[in-house]
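Trainee: make a model of this:
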Amino acid sequence: MAQKSKAAGLQEQGPAGDVNRQVLRLGPEGAPKARMERLESERFMERLWQKDGSLWTADPAGAERIRSALGWLDAPRKMQALAPEFGLFVKEVKAAGFTHAVHMGMGGSSLAPLVFRQMFKPAPGGLPLTVLDTTDPATIVALDRKLDMETTLFIVASKSGTTAEPLAFEDYFFDRVRAVKGERAGENFVAVTDPGTPLGESARKKRFRRTFPGLIDVGGRYSALTFFGLLPAALLGLDTDRLLGEALRMASACGPSIPAQGNPAAVLGAVMGEMAASGRDKLTFLLPGELATFGMWLEQLIAESTGKEGTGIVPVTGEPAGDPLVYGNDRLFIHIYLKGREHEDLESSILTLQAANMPIVFIGIPEPAAICQEFFRWEAACAVAGAVLGINPFDQPNVQESKDATNRLLQSVGERGGLTEPAPVATYGPLRFFTRDGAESPEGLLWAFLARARTGDYISLQAYLPEEASTDRTLQAMRLRLRDALGFATTLGYGPRFLHSTGQLHKGGPDTGLFIQLTCRDATDISIPGRPYTFGVFKKAQALGDLEALIRHGRRVMRIDLGDNVKKGLAHLQRLLEGALAIGGQRG
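Mentor: You can find the predicted model right below:
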């Protein structure tokens, strides 16, 4: 007998059996019947599997580019043929004496590994896994102190082979390993990159232990079921053949011959797209803690796939469920949970949202290995949602802007000896404010910015700060205070990670975001070998480069520098936020 979520309130089964575990509770809007009929009449899923790029564009050249990005459809089958190779490699590195693995990547190269690391403990025969995806110097120093350089295996992951962050990580840790092993340092390194990239050439010259090839027809955010996600999973000791088998089950359920009404990806994509088109574009994920990193993976997939040409779906992850009164009419909720591990508090909140006729989609995952089914379901659903919204879900036209601005700023470091930045408009205690607004008090300055919000907007906290538990608690408290007081959706991202996930949406999506960028002066900093700047300067250049790109797009953005003590700076900012909201209450 199928299990059920108390909140969903019905058996989770359908034409695709236990793989199609979707329950739709969409309130007055109901399921998008007309869209489903259109998908069926257009033979959408059949043409998707035929890799027909005209589903998204009438331009023949554009359609051909899209066709060359649809290799993720075949990735589970192709990778399953290589499954024995994973086991042999893990035995090799264990026999060589390695005791720990560090995966170094960004965005599509690091988020799937984060999911596997959180959801699975190292199995017998596997290695503990750390994922490094931040240029924060304090984080890198702390990791360095924990590692035994001689017995740590480093994975440098970049599809293009030019991603700045993993290449900087490589420079730093290769130098550290070389100090211990000399010319044999390359034995501790593995590359995952597309054929013919600069990283691949560097790996050859440095005599890396191995280079695993990316699939050239699979984009970064669609690469979870390739070497980018599966190699770290294998090093954890997971059975990659089984993981890929789960993905293939979902691929079959979403196959070309499955009618749209019973096709999990077609239904989910149609709901996402139609809801967003009608104004419910804040796709709010209600997830238990063990699925938090899956939420981060979803965030990139959805934001980067749909956030362009002035449209897009805004994924909201990590925002706890609230009272129905704090939500506007711009929300579609997605509740994903592990069966048998339902959380009573979360289920209670969802029942309250249901009673208020809030639209909710329920997806129950029967066991952790089935997360690979969800990778495929959501990849295919985003393809459908992109067609509904009339955009190409396989490009990312605005991602390069922040990178170009960062590179220009870093070049100036070598030429001028340091970064240049504008003077703050105001300084209050440890806080420095950079904004176009003016006010007689810090509370007034904050409120002047928040008052620029309009119905249907969202507030994005962008934290170029060390990702520590105390910092996260304070930022979460601030975002909930903003949501509950103002009724806007909130997002929280740590830089530079979010540049590779939601950065495309921020610049290319709808002008509905208010961006509060938080920076600090790093108490700890370290040099990057062979470069004229430190990791701290690198991180600040990324923040300033992103700020520049947001301003160029006319986005509403405020930068607040917290000073050299993040904890004290955030406490000060919290007090100012309360004062700002009090001003708003008086004027409201």
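
Trainee: now do the contacts for residue 31.
Mentor: When contacts are counted by Cβ atoms under 8 Å, 6 or more residues apart in numbering, residue 31 is found next to 24, 267, 271. Where C-beta positions appear, they are placed from N, C-alpha and C, glycine not excepted.

Trainee: buried ones in stretch 54-64?
Mentor: Buried residues in stretch 54-64, counting neighbours by 16 or more other Cβ atoms under 10 Å, are found at 55-57, 63.

Trainee: nope, stretch 451-469 is what I was after
Mentor: For stretch 451-469, the neighbour count (16+ other Cβ under 10 Å) marks 453, 456-467 as buried.

Trainee: now swap in stretch 327-334 and tell me
Mentor: For stretch 327-334, a neighbour-count test (16+ other Cβ under 10 Å) marks 327-328, 330-334 as buried.

Trainee: give me the contacts around it.
Mentor: Counting by Cβ under 8 Å, 6+ apart, 271-272, 275-276, 279-286, 316, 350, 353, 358-361, 363, 455-456, 487-489 sit against stretch 327-334.

Trainee: remind me which residues of this structure are low pLDDT?
Mentor: Within the chain, the stretches with pLDDT under 70 are 1-18, 587-588.

Trainee: which residue would you name as the spatial centre of it?
Mentor: residue 300 (3.5 Å; Cα atoms, centre = their mean).

Trainee: so how far is residue 317 from that residue?
Mentor: 10 Å (Cβ to Cβ, to the nearest Å).

Trainee: where along the stretch 51-200 of the chain do the strands fall?
Mentor: For the stretch 51-200 of the chain, applying DSSP state E, counting those that start in this stretch gives strands covering 100-104, 129-132, 152-157, 189-193.

Trainee: so for residue 290, which of the ones you listed sits nearest?
Mentor: Of all the strands of the stretch 51-200 of the chain, it is strand 129-132 that lies closest to residue 290, at 16.1 Å by Cβ to Cβ.

Trainee: so what strands line up beside the closest one?
Mentor: Strand 129-132 pairs in its sheet with strand 100-104 (parallel), by DSSP bridges.

Trainee: chain center to the strand it pairs with: distance?
Mentor: Relative to the mean C-alpha coordinate of its chain, strand 100-104 is positioned 19 Å out (Cα atoms, centre = their mean, to the nearest Å).

Trainee: that strand to strand 189-193, inter-axis angle?
Mentor: Taking axes from the mean of the first three to the mean of the last three Cα atoms, to 10 degrees, one finds strand 100-104 and strand 189-193 inclined to each other by 40 degrees.

Trainee: and the angle for strand 100-104 with strand 152-157?
Mentor: Using the same axes, to 10 degrees: strand 100-104 against strand 152-157 is 20 degrees.

Trainee: extract the CA atoms of strand 100-104 and return them as PDB.
Mentor: C-alpha atoms of strand 100-104 as PDB (Å, rounded to 0.1, in the frame of the first residue of the first chain):
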ATOM      1  CA  HIS A 100      39.500  12.200   2.500                       C
ATOM      2  CA  ALA A 101      38.200  13.900  -0.700                       C
ATOM      3  CA  VAL A 102      37.600  17.600  -1.400                       C
ATOM      4  CA  HIS A 103      35.400  18.500  -4.300                       C
ATOM      5  CA  MET A 104      36.200  22.000  -5.600                       C
END
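
Trainee: next, count neighbours for the residue lying closest to residue 223 once chain neighbours are set aside.
Mentor: Leaving aside its sequence neighbours, residue 223 sits nearest to residue 108 (Cβ to Cβ, 6 or more residues apart in numbering; 5.2 Å). Applying other Cβ atoms under 10 Å, we find 28 residues neighbouring residue 108.
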